[in-house]
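> take this sequence and fold it.
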Amino acid sequence: MESINEDMLQLLVEAGLVETDMTWAARVAVVVAMLLLIFIINVLFTRVIMPAVHRLTASTKAKWDDYLFSREMLRGFCRVIDPILVYVMLPLAFGDMPQLMGILNKVCEVYLVVVTLLLLNTFLNMLYKMSNEHEHLRNRPLKGVYQMIKLVSVCVGAIVAIAIMMDSDATSILAGLGASAAVLMLIFKDSILGLVAGVQLSANDMLRPGDWITMAKYGANGYVEEVSLTMVKVRNFDKTVTTIPPYALVSDSFQNWRGMWDTGARRIMRSIYIDTTTVRFCTADECAALVADGLADSEALESGRPVENLKLYRYYLKNYLASHPEIDKEQMLMVRQLQPTPEGVPVELYCFTNTTVWPEYERIQADIFDHVLAVTPRFGLKVFQRLSASDLAGHK
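As a prediction, this is how the structure comes out:
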């Protein structure tokens with residue numbers, strides 16, 4: 001820009017618009033005229049151009065132009081015009097004062113860098129809003145990427161501003177910073193790790209805002225509210241907030257419940273422990289009573305061989321789950337016997353509810369096991385329970 005300014009000054013001198021003996025009154029008049037011109041241009045831009053652009057973007061069906069030509073973007077663009085006009089018109093007032101011109105030019109150039117960074121920041125904010133409304137991008141953790149771009153742009157802008165004030169080349173400053181790269185890596189370690197982790201989380205679709213995650217190491221159990229460059233904010237179910245470094249989600253293990261929400265079903269996998277001493281063969285009268293009460297299938301008794309009460313119990317529970325209106329029949333459903341333990345024989349119910357709403361899920365699970373506990377004695381079985389002090393007192 002300095003060469004442009006010098007060429008402009010030479011043209012003004014040749015045209016006779018710049019005099020070497022200009023009085024300070026004339027200089028002040030020129031400055032006032034410059035400020036008045038800048039004010040008029042800003043008013044025209046604000047009152048005429050901006051409303052016209054808004055009417056034009058509102059008449060289109062596309063949404064991207066509503067963001068890229070929003071009020072914030074146009075105001076940012078208007079701020080960029082001011083230092084350019086001042087820089088171009090400075091030779092009219094101070095063309096014969098090279099030292100003062102040099103200082104004012106540096107001020108204009110630094111200000112131009114600042115307003116350009118503000119415009120870029122506004123542009124990135126608009127891109128972030130656009131991505132939040134895009135069907136495929138709204139669930140991507142892109143905030144950290146935008147934050148990293150802002151950080152890099154601010155660093156580059158600061159280097160350019162320092163180079164302007166020191167009358168040096170920006171590449172020489174970058175070369176000097178390269179020698180202290182280790183220190184910079186240490187300072188921006190979290191930001192760099194956060195950027196890399198954010199790219200991995202986004203590329204592998206590991207995490208989205210709104211996901212329910214659990215991470216015991218950090219005490220996180222709730223919904224992801226925000227994924228930024230340096231932290232992942234999780235709103236726990238107890239209304240507390242947990243912050244996790246993004247790189248911890250890549251290096252450590254966490255549980256994402258999104259798959260459950262996508263399927264619309266939630267798993268029940270709970271065991272009931274049967275007292276081993278109550279497992280036996282059913283008598284003919286007991287079998288007939290179970291069939292009469294609808295607790296056993298007569299086909300299972302036609303073999304003529306003795307039938308175990310635990311077997312009939314498992315068959316009944318499987319049929320009960322298969323006919324339950326709030327159990328998803330398309331998912332896996334089974335009732336199985338696990339390895340016996342000192343607490344008895346575990347009978348595990350494995351099925352999926354047809355809802356993922358947490359209170360509804362807990363209600364369905366409780367209703368099922370209320371029925372399981374109530375029907376167990378009908379098969380001559382007992383649920384294992386450790387003896388309490390009152391039980392021991394009753395045996396005395």
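
> all strands for the chain, in order.
Using DSSP state E, the strands assigned to the chain run over residues 212-215, 220-227, 232-236, 241-244, 255-256, 266-274, 334-337, 345-353.

> export those strands to JSON lines and tack on mean pLDDT?
Shown next, in JSON lines, are the strands of the chain (pLDDT from 0 to 100):
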{"stretch": "strand 212-215", "mean pLDDT": "91"}
{"stretch": "strand 220-227", "mean pLDDT": "88"}
{"stretch": "strand 232-236", "mean pLDDT": "91"}
{"stretch": "strand 241-244", "mean pLDDT": "90"}
{"stretch": "strand 255-256", "mean pLDDT": "89"}
{"stretch": "strand 266-274", "mean pLDDT": "94"}
{"stretch": "strand 334-337", "mean pLDDT": "95"}
{"stretch": "strand 345-353", "mean pLDDT": "95"}
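
> show me the contacts for residue 83.
Residues near residue 83 by C-beta atoms under 8 Å, 6 or more residues apart in numbering: 108-109, 111-112, 115. Where you see a C-beta, it was placed from the backbone N, CA and C, and this is true even at glycine.

> from the residues you listed, list the buried ones, please.
Applying 16 or more other C-beta atoms under 10 Å to these, the neighbour count classes 108-109, 111-112, 115 as buried.

> dump the residue contacts of residue 271.
Residues in contact with residue 271 (C-beta under 8 Å, 6+ apart) are 338, 346-349.

> can I get the residues you listed in TSV including neighbour count and distance to residue 355?
Formatted as TSV, the contacts of residue 271 follow (neighbours: other C-beta atoms under 10 Å; distance: C-beta to C-beta, whole Å):
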residue	neighbour count	distance to residue 355
338	11	27
346	17	26
347	22	24
348	16	21
349	22	17
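
> closest one to residue 325 out of the residues you listed, please.
Taking C-beta to C-beta as the measure, residue 325 sits nearest to residue 349 out of the contacts of residue 271, at 16.3 Å.

> so the closest one makes contact with residue 317?
Yes - in this structure, residue 349 is within contact of residue 317 by C-beta atoms under 8 Å, at 6.4 Å.

> which neighbours do the two share?
335, 372.

> now render the strands of the chain as a markdown table, adding distance to residue 58.
Shown next, in a markdown table, are those (distance: least, C-beta to C-beta, whole Å):
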| stretch | distance to residue 58 |
| --- | --- |
| strand 212-215 | 39 |
| strand 220-227 | 31 |
| strand 232-236 | 35 |
| strand 241-244 | 39 |
| strand 255-256 | 40 |
| strand 266-274 | 45 |
| strand 334-337 | 59 |
| strand 345-353 | 47 |
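
> for residue 27, find the nearest of those.
Between these, strand 220-227 lies closest to residue 27; by C-beta to C-beta that is 52.9 Å.

> hey, where'd the helices end up in the stretch 51-200 of the chain?
For the stretch 51-200 of the chain, helices defined by DSSP state H, counting those that start in this stretch occupy the ranges 64-68, 71-94, 98-133, 143-166, 170-179, 181-187, 189-203.

> now do the stretch 201-350 of the chain
Counting by DSSP H, counting those that start in this stretch, the helices of the stretch 201-350 of the chain are 246-251, 258-263, 284-292, 309-322.

> show me the shaky parts of the protein.
Residue ranges of the chain with pLDDT under 70: 1-24, 93, 95-96, 134-141, 144, 170-185, 187-188, 203, 299-304, 388-396.

> hmm, try it at 90
Under the criterion pLDDT under 90, the flagged ranges of the chain are 1-212, 216-219, 225-232, 237-239, 243-264, 282-307, 356-358, 385-396.

> which parts of it belong to which domain?
2-197, 204-257, 264-379 (automatic domain parsing).

> can you redo these as TSV with distance to residue 387?
Listed next are those as TSV, based on distance: least, C-beta to C-beta, whole Å:
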stretch	distance to residue 387
domain 2-197	52
domain 204-257	33
domain 264-379	12
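
> what about residue 292, neighbour count?
Per other C-beta atoms under 10 Å, the neighbour tally for residue 292 reads 10.

> residue 372: neighbour count?
For residue 372, using other C-beta under 10 Å, the count is 20.

> can you pull the contacts of it?
Counting by C-beta under 8 Å, 6+ apart, residue 372 has contacts 272, 317, 349.

> for those, give me TSV that also has distance to residue 169.
Output for the contacts of residue 372, formatted as TSV (distance: C-beta to C-beta, whole Å):
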residue	distance to residue 169
272	78
317	80
349	74
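
> closest to residue 376 out of the residues you listed?
The closest of those to residue 376 turns out to be residue 272 (C-beta to C-beta; 7.4 Å).

> grab the nearest non-local neighbour of the closest one.
For residue 272, ignoring the flanking residues on the chain, the nearest one in space by C-beta to C-beta, 6 or more residues apart in numbering is residue 347 at 5.4 Å.

> now residue 310
residue 279 (4.8 Å).

> ok, now residue 219?
Nearest residue to residue 219, sequence neighbours excluded (C-beta to C-beta, 6+ apart): residue 242, at 5.7 Å.

> what about the one you found, neighbour count?
Residue 242, neighbours per other C-beta under 10 Å, totals 17.

> now for it: which residues touch it?
218-220, 222, 233-234, 236.

> equivalent analysis for residue 275, please.
344, 381-384.

> kindly recompute the last result at 6 Å.
If you count contacts by C-beta atoms under 6 Å, 6 or more residues apart in numbering, residue 275 has them with 344, 382, 384.

> if I look at residue 25, how far off is residue 99?
Between residue 25 and residue 99 the computed distance is 21 Å (C-beta to C-beta, to the nearest Å).

> please apply the same query to residue 77.
Taking C-beta to C-beta, one finds residue 77 at 32 Å from residue 99.

> that older thread, go through the helices of the stretch 51-200 of the chain and name the closest to residue 52.
Of all the helices of the stretch 51-200 of the chain, it is helix 71-94 that lies closest to residue 52, at 10.6 Å by C-beta to C-beta.

> neighbours around residue 261, how many?
Per other C-beta under 10 Å, the neighbour tally for residue 261 reads 14.

> my bad, should have said residue 186
Residue 186 has 9 nearby residues by other C-beta under 10 Å.

> do the same with residue 237
10.

> show me the contacts for it.
residue 222.

> all good on my end, thank you.
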